[in-house]
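> Return atomic coordinates for the entry below.
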Amino acid sequence: VDQKKKNKSNPLILDLNEAKKEVRSYGATAFVGKQKKSFQDEQYKLLTGRDRKQPKMPPNIARLVRKKALAREEKMIAEAKQAGFVLPKSALESQQEQKRKKSSQRQGEWNGPAPSVGFTKDGVLKLTKKPF
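Here you go, the predicted model:
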């Protein structure tokens, strides 16, 4: 608290953090492309405390990017197999396998066991009038 009062009273005393920020922002005026974008993202995060939203990509372009990524992965896997490497399962395969396991485990348990003495309506078991 005392240092802040001293800095306000004597304008010649420099705060090193402030000077560092000024030098960096002055140097950032020469940034181009990725560097400029990353600096702007950094400034946004300092100001708001959260990351900047990524720009949305049109679905047709996103599909092409995904398709090319899969093609690259398949090519890499084929080359590795040809070289004799043993590869782990891809993330996509393991996710599909987990989904299959869950669906087979829950086959008859979606809404609980089927009642043999009535029916369920709105989550309530309604009994039939037949004696059981």
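
> What segments of the protein are helices?
Assigned by DSSP state H, the helices in the chain fall at 2-9, 16-27, 34-48, 59-83, 91-105.

> Could you export the second one as CSV, keeping only the C-alpha atoms?
Listed in CSV are the C-alpha atoms of helix 16-27, where the atom choice follows Å, rounded to 0.1, in the frame of the first residue of the first chain:
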residue,chain,number,x,y,z
LEU,A,16,8.6,-2.9,-13.5
ASN,A,17,5.4,-4.8,-14.3
GLU,A,18,3.8,-1.8,-16.0
ALA,A,19,7.0,-1.2,-18.0
LYS,A,20,7.1,-4.8,-19.1
LYS,A,21,3.5,-4.7,-20.3
GLU,A,22,4.1,-1.5,-22.2
VAL,A,23,7.3,-2.9,-23.9
ARG,A,24,5.4,-6.1,-24.8
SER,A,25,2.4,-4.2,-26.2
TYR,A,26,4.7,-1.9,-28.2
GLY,A,27,6.5,-4.8,-29.6
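
> Start the count at 521 instead of 1 going forward.
Sure, I'll start counting at 521 from here, so that last one is helix 536-547.

> okay, the helices of the chain in CSV with mean neighbour count next?
(C-beta placed from N, C-alpha, C; glycine too.) Written out in CSV, the entries for the helices of the chain read as follows (neighbours: other CB atoms under 10 Å):
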stretch, mean neighbour count
helix 522-529, 9
helix 536-547, 10
helix 554-568, 12
helix 579-603, 10
helix 611-625, 10
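
> right, so of those helices, which gets closest to residue 644?
Relative to residue 644, the nearest member of the helices of the chain by CB to CB is helix 611-625, separated by 26.4 Å.
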